[in-house]
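Asks: Generate a structure from the sequence data that follows.
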Amino acid sequence: MKFNLIKTDSQTKARAGSIETAHGTIQTPIFMPVGTAGTVKSVHQRELHDDIKAQIILSNTYHLYLRPGMNILEQAGGLHKFINWDKPILTDSGGYQVYSMTANRKIKEEGVKFKSHIDGSNHFFSPESAMDIQRSIGADIIMAFDECTPYPCDYKYAKRSMEMTHRWLKRCIERVDSTEGKYGYEQTLFPIVQGSVYKDLRMQSAEMIASTNREGNAIGGLSVGEPAEMMYEMTEVVTSILPYDKPRYLMGVGTPTNILECIALGIDMFDCVMPTRNARNGMLFTSEGIINIRNEKWKDDFSPLDANGTSFVDHQYSKAYLRHLIISKEILAAQIATIHNLSFYLSLVTQAREHIMAGDFADWKNKMVKQLSTRL
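Replies: Numbering: from 1, shown residues only. Here you go, the predicted model:
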């Protein structure tokens with residue numbers, strides 16, 4: 001993997017760059033649609049590729065390990081071939097899923113014991129097995145196995161958890177560096193900065209992660225319930241320490257406003273289930289603000305979903321029609337809303353890149369943040 005830093009904004013830390021992988025080049029800043037189990041819910045790969053213009057998608061180690069399982073994925077020749085996706089894939093290590101299963105998991109130094117949410121069967125993830133599983137999945141970018149602390153979280157627990165994440169990282173690095181990919185191309189490991197909302201821990205973790213000198217780095221443990229200003233503060237602390245010449249990935253973030261503010265803090269990569277999950281519940285993100293399409297006010301509004309939208313659905317379908325589909329619980333509703341929201345997110349980061357290149361990102365960002373937070 002190779003990261004090319006093309007331009008940095010003069011008034012903020014925003015950057016435009018590119019990430020070269022075996023499955024294509026990613027223009028940054030970038031948003032990655034979440035395809036947890038090898039599918040971005042409600043959309044075809046063709047729509048992801050041609051209309052939404054996704055450059056990379058994220059899938060999840062925990063879910064793919066349980067179903068369909070590594071045997072099936074290896075027989076298929078890896079996840080790219082299994083799902084017919086020829087662009088880059090990033091896999092989350094499963095650490096966040098394990099974190100969210102508080103009643104069904106036990107964390108020890110060796111790794112994590114957990115019960116399947118599907119059938120209750122017992123399983124075990126170690127840093128080594130998390131690397132092996134991601135090798136079998138065949139992602140271009142694989143994530144270190146970490147513990148994601150909850151919010152709120154007391155200082156002692158956050159420190160102990162961070163230190164274990166660092167020890168696990170060393171084991172992940174040893175495993176990755178002593179093994180090869182199964183499908184003939186390079187897989188790149190990203191370490192993950194932890195430390196909850198404690199500045200000194202975040203600094204300590206960022207310094208440790210930077211010292212490992214991997215090709216890219218991630219920031220985890222944010223957007224888990226803490227106030228947005230606290231998330232921005234921790235992100236700024238970390239980006240001031242992580243290497244300038246390597247991509248920075250803020251995991252699980254977030255709203256359009258969150259993304260723009262964090263681009264301004266020097267983040268290059270984002271993922272979040274919000275555009276897809278909210279779409280299925282009737283919430284649309286648009287260039288003018290946020291729409292709850294279930295509201296009565298849209299019942300006889302025959303205007304486009306987003307007059308400034310980049311997707312074919314924005315102009316092919318009206319607000320009134322989409323509201324009718326949502327209220328009627330039609331499957332098409334989820335498809336239209338998801339294509340719209342993902343297209344909006346990808347268009348937003350593309351515009352951010354264009355304004356960074358043009359040199360007027362700060363003014364554009366400040367105007368957009370106000371606009372995008374408006375409830376219509």
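Asks: dump the residue contacts of T286.
Replies: Residues in contact with T286 (CB atoms under 8 Å, 6 or more residues apart in numbering) are L305, D306, N308, G309, F344, L376. No exception for glycine: its C-beta is placed from N, CA and C like everyone else's.
Asks: now do 10 Å
Replies: Neighbouring residues of T286 by CB atoms under 10 Å, 6 or more residues apart in numbering: 256, 304-309, 314, 319, 340-341, 344, 371-372, 374, 376.
Asks: Output the below-cut-off pLDDT ranges for this structure.
Replies: 98-99, 101-103 (pLDDT under 70).
Asks: quick check: domain ranges of it?
Replies: Domain segmentation of the chain under automatic domain parsing yields 2-272, 273-376.
Asks: Report the buried residues of stretch 322-337.
Replies: By neighbour count on 16 or more other CB atoms under 10 Å, the buried set for stretch 322-337 is L322, R323, L325, I326, A333, A334, Q335, I336, A337.
Asks: Quick check: end-to-end length of it?
Replies: Distance across stretch 322-337, first residue to last, is 8 Å (CA to CA, to the nearest Å).
Asks: What lies in contact with it?
Replies: By CB under 10 Å, 6+ apart, stretch 322-337 touches 41-44, 47, 275-276, 278-284, 291-301, 305, 311, 313-314, 316-318, 321, 340.
Asks: Identify those among these that sit within helices.
Replies: Among these, DSSP state H puts E47, P275, T276, N278, A279, R280, V313, D314, Q316, Y321, H340 in helices.
Asks: could you flag which of the contacts of T286 are buried?
Replies: P256, P304, L305, D306, G309, D314, K319, H340, N341, F344, L372.
Asks: Make JSON lines from these and add distance to K2 to it.
Replies: Shown next, in JSON lines, are the buried ones among the contacts of T286 (distance: CB to CB, whole Å):
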{"residue": "P256", "distance to K2": "29"}
{"residue": "P304", "distance to K2": "40"}
{"residue": "L305", "distance to K2": "38"}
{"residue": "D306", "distance to K2": "35"}
{"residue": "G309", "distance to K2": "33"}
{"residue": "D314", "distance to K2": "35"}
{"residue": "K319", "distance to K2": "44"}
{"residue": "H340", "distance to K2": "33"}
{"residue": "N341", "distance to K2": "31"}
{"residue": "F344", "distance to K2": "29"}
{"residue": "L372", "distance to K2": "32"}
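Asks: deepest of the domains of the chain, which one?
Replies: Compared across those, domain 2-272 shows the largest average neighbour count, a mean of 19 (mean count of other CB atoms under 10 Å).
Asks: And the helices in the stretch 1-150 of the chain, which stretches?
Replies: Counting by DSSP state H, counting those that start in this stretch, one finds helices in the stretch 1-150 of the chain at the ranges 45-50, 61-66, 70-76, 79-83, 95-100, 127-137.
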